[in-house]
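> This is a predicted model, with the sequence first.
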Amino acid sequence: MLANGATADYVKDLLGTPVFENHQPPSIWVQEDEKPKWVDHVFSTPHAWVVTRRIEDRLEAWSVTITDPKFWWDLEDVTFRQVKGRLGRVTFSNLLDSPSGKYESSRARSGVYAESASFGNPGGYQAYVFMHNQEGIGAMKPSGNSDVRVGDFQRPDDRDEYPASTDGAHRSETTVNTIIVTWQRDEITHRTWQLWPVAASDQMRLLHRFQKKNGWQNKRLLGDGNG
């Protein structure tokens, strides 16, 4: 099991060699000569993409995106029993009654929907982002608002409002296939989803043809799930 605060050696021993390594882009460095603050590693498993975000030698955030239609992952353990549902099966309306933030980005070639929650001490003082990612399984029904940023996802420099739809029907038709677990909620929720520690379409599609034709070699399993 992954845990924030874990060392880079622990993650490598658990998941093996990453497929991709992504660095914090210069556009969000504090100073031009500053070294990248975080490094993301993308791992492939038979059932999911796993992404870890490391700052120096510590794991600061991680995500799981379910890719196998026959697989699900129980969310109770990872959320300290604060959220009940099966990642890859549950919809947003059946997962969270009152999310602390909502996010949506709908474009011609991409669509992302996410909701956030945190539970203080009962939740291990961690922040959770539940997401529908195009790289995962299940369906997404757009709300009708192409850009949504409310609650936790509002940015300090937002000059306009990006409200959520008053009709929540889309939540019951959108599958939660991704979870992000982090210490630093603002570091993630105040940025566009492409800068979150998740599998991103433009990068993953480079591997799709190989994956379908040849399959992955030396596959590693993702525990605590069911096939």
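All right, it came through fine.

> show me the contacts for the spatially most central residue of the chain.
For the chain, the residue nearest the mean C-alpha position is residue 180 (4.0 Å; CA atoms, centre = their mean). Applying CB atoms under 8 Å, 6 or more residues apart in numbering, we find residue 180 in contact with 61, 62, 63, 128, 129, 131, 188, 196, 197, 198. (Each C-beta comes from the backbone N, C-alpha and C, glycine too.)

> Residue 86 now?
For residue 86, the contact set (CB under 8 Å, 6+ apart) comprises 72, 73, 74, 75.

> And the second one, how far from residue 1?
In this structure, residue 73 lies at 11 Å from residue 1, with CB to CB, to the nearest Å as the measure.

> next one: residue 109
Distance, residue 109 to residue 1, by CB to CB: 34 Å.

> re the thing from before, rounded mean pLDDT for the host helix or strand of the residue nearest to the centre of the chain, please.
Using DSSP states H and E, residue 180 sits within strand 178-182. Averaged across strand 178-182, pLDDT comes to 97.

> May I have the distance across stretch 127-139, first residue to last?
With CA to CA, to the nearest Å as the measure, stretch 127-139 spans 24 Å from end to end.

> Among the contacts of residue 86, find me the one that's closest to residue 117.
residue 75 (10.9 Å; CB to CB).

> picking that back up, where is pLDDT lowest across the contacts of residue 180?
Lowest pLDDT of the contacts of residue 180: residue 188, 87.

> Please name every helix or strand in contact with the helix or strand that residue falls within.
Element membership for residue 188, per DSSP H and E: helix 185-189. Under the contact definition 3 or more CB pairs under 8 Å, 6 or more residues apart in numbering; DSSP states H and E, helix 185-189 sits against strand 58-66, strand 111-118, strand 127-132.

> The ones you listed: which one's closest to residue 171?
Using CB to CB, the helices and strands packed on helix 185-189 put strand 111-118 closest to residue 171, at 8.2 Å.

> Hey, what's the angle from that closest one to strand 127-132? Just curious.
150 degrees (axes from the mean of the first three to the mean of the last three CA atoms, to 10 degrees).

> Would you map the strands across this structure?
20-23, 39-44, 48-55, 58-66, 72-74, 86-87, 101-106, 111-118, 127-132, 147-151, 178-182, 225-226 (DSSP state E).

> now those strands in TSV, with distance to residue 141?
Shown next, in TSV, are the strands of the chain (distance: least, CB to CB, whole Å):
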stretch	distance to residue 141
strand 20-23	29
strand 39-44	27
strand 48-55	22
strand 58-66	18
strand 72-74	20
strand 86-87	18
strand 101-106	10
strand 111-118	9
strand 127-132	9
strand 147-151	13
strand 178-182	16
strand 225-226	25
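
> Lowest average confidence across the ones you listed, which one?
strand 225-226 (a mean of 58).

> Widest-spaced pair of the contacts of residue 86?
The largest separation in those, counting by CB to CB, is between 72 and 75 at 9.5 Å.

> and for these two, which residues touch both?
By CB under 8 Å, 6+ apart, residue 72 and residue 75 have these common neighbours: 86, 87.
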